[in-house]
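Colleague: quick one, what's the 3D model for this:
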Amino acid sequence: MDRSFLSQPEVIAAAKKFVCIRLTSYEDETEKKFVSKIVNGEPANTAFAMLTPEGERALRGRGPGRGPRDLYKDAADMAKGMDELAEKYPAKKAEGAPALPVTLNAKVGLAVAAGDLQPLVVVLADSAKRREELEAEVAALAWGQAFVGRLTYATASSVKDIPKVEKLTIKEGVLLLKPDIFGAGGKVVKEVPGDEVAKQLADAMRETLKAHVRTEKTRRQLSELGLKEGIFYETGIPVSGKGEAADRERYKKLLDLKK
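Modeller: Numbering: from 1, shown residues only. Here you go, the predicted model:
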């Protein structure tokens with residue numbers, strides 16, 4: 001989906017008229033139920049739909065709802081269709097920046113950032129009120145032209161919620177992390193204390209992006225390296241896709257044999 005559709009310039013331009021949602025159906029029961037509504041049957045490794053503002057399917061495709069090809073023949077056709085759909089639902093004027101597009105939690109954030117070859121920004125604070133305040137500050141930058149679409153975001157109430165990331169020194173503020181190849185952990189690139197976010201965060205985000213190297217990877221490479229390093233990702237809820245569940249079981253057996 002990324003290479004053939006979603007990363008194409010005409011689709012990116014059209015997407016600015018939409019609220020783009022990424023659901024993680026194997027991490028949260030509520031999100032799984034929503035995905036089940038927009039595909040025919042149990043959620044599997046992909047799902048795709050164009051929705052109305054009420055959350056109902058705006059278009060009915062030719063297939064099971066697994067990807068853009070069920071609705072569009074190519075990226076140009078998708079961009080044209082999105083422009084036509086957007087005309088039916090004119091945007092309402094809103095005050096301020098949209099909310100920060102956070103993932104479910106820092107663990108999922110690391111995995112998503114690794115998959116998208118992006119740095120991860122984590123808003124860290126122990127109180128919900130303070131996290132909301134920091135999220136608003138980060139969102140004001142996140143939706144700006146210099147940063148939009150270039151970083152992944154998550155929140156955490158404690159450093160204990162951020163798995164396998166070493167050298168965390170602040171207890172409140174914004175962390176900029178480089179995920180490892182699997183998204184199982186990572187390393188700190190920048191730390192911005194909470195009282196310095198307004199002054200330092202923009203520069204920290206720019207420097208992190210400038211230093212970031214997108215490391216391309218393949219399924220085979222990850223499988224071989226994962227077996228070597230003993231990597232197994234535990235999902236929040238059971239995997240329902242039959243093919244995926246079988247793949248995971250085979251991989252788990254191979255890991256067990258190496259112990």
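Colleague: switch to C-alpha atoms for all contacts and neighbour counts from now on
Modeller: Noted.
Colleague: so the closest residue in space to residue 83 that isn't next to it in sequence: helix, strand or coil?
Modeller: Distances taken as Cα to Cα, 6 or more residues apart in numbering place residue 14 nearest to residue 83, at 6.1 Å, with adjacent residues excluded. Three-state call for residue 14 (DSSP: H, G, I helix; E, B strand; the rest coil): helix.
Colleague: wait, isn't residue 14 in contact with residue 81?
Modeller: No: Residue 14 sits out of contact with residue 81 when judged by Cα atoms under 8 Å, with a separation of 9.1 Å.
Colleague: what does stretch 79-91 contact?
Modeller: The contact list for stretch 79-91 (Cα atoms under 8 Å, 6 or more residues apart in numbering) reads 10-11, 13-15, 17-18, 53, 72.
Colleague: make it 7 Å
Modeller: Residues outside stretch 79-91 that contact it (Cα atoms under 7 Å, 6 or more residues apart in numbering) are 10-11, 14, 17.
Colleague: turn those into TSV, including distance to residue 171, pLDDT and secondary structure.
Modeller: Output for those, formatted as TSV (distance: Cα to Cα, whole Å; pLDDT from 0 to 100; DSSP: H, G, I helix; E, B strand; the rest coil):
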residue	distance to residue 171	pLDDT	secondary structure
10	41	97	helix
11	39	96	helix
14	39	96	helix
17	37	93	coil
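Colleague: distance of residue 120 from residue 77?
Modeller: From residue 120 over to residue 77 the distance is 32 Å, taken as Cα to Cα, to the nearest Å.
Colleague: please read the previous query as pertaining to residue 133.
Modeller: The value you get for residue 133 to residue 77, if Cα to Cα is used, is 40 Å.
Colleague: please apply the same query to residue 204.
Modeller: In terms of Cα to Cα, residue 204 sits 38 Å off from residue 77.
Colleague: neighbour count: the two, which is higher?
Modeller: residue 204 (19 against 14; other Cα atoms under 10 Å).
Colleague: and which of the contacts of stretch 79-91 is nearest residue 99?
Modeller: The closest of those to residue 99 turns out to be residue 17 (Cα to Cα; 15.7 Å).
Colleague: can you pick the most crowded of the contacts of stretch 79-91?
Modeller: That'd be residue 11 among the contacts of stretch 79-91, by other Cα under 10 Å, with 20 neighbours.
Colleague: report the contact partners of that one.
Modeller: The contact partners of residue 11, taken as Cα under 7 Å, 6+ apart, are 5, 75, 78-79.
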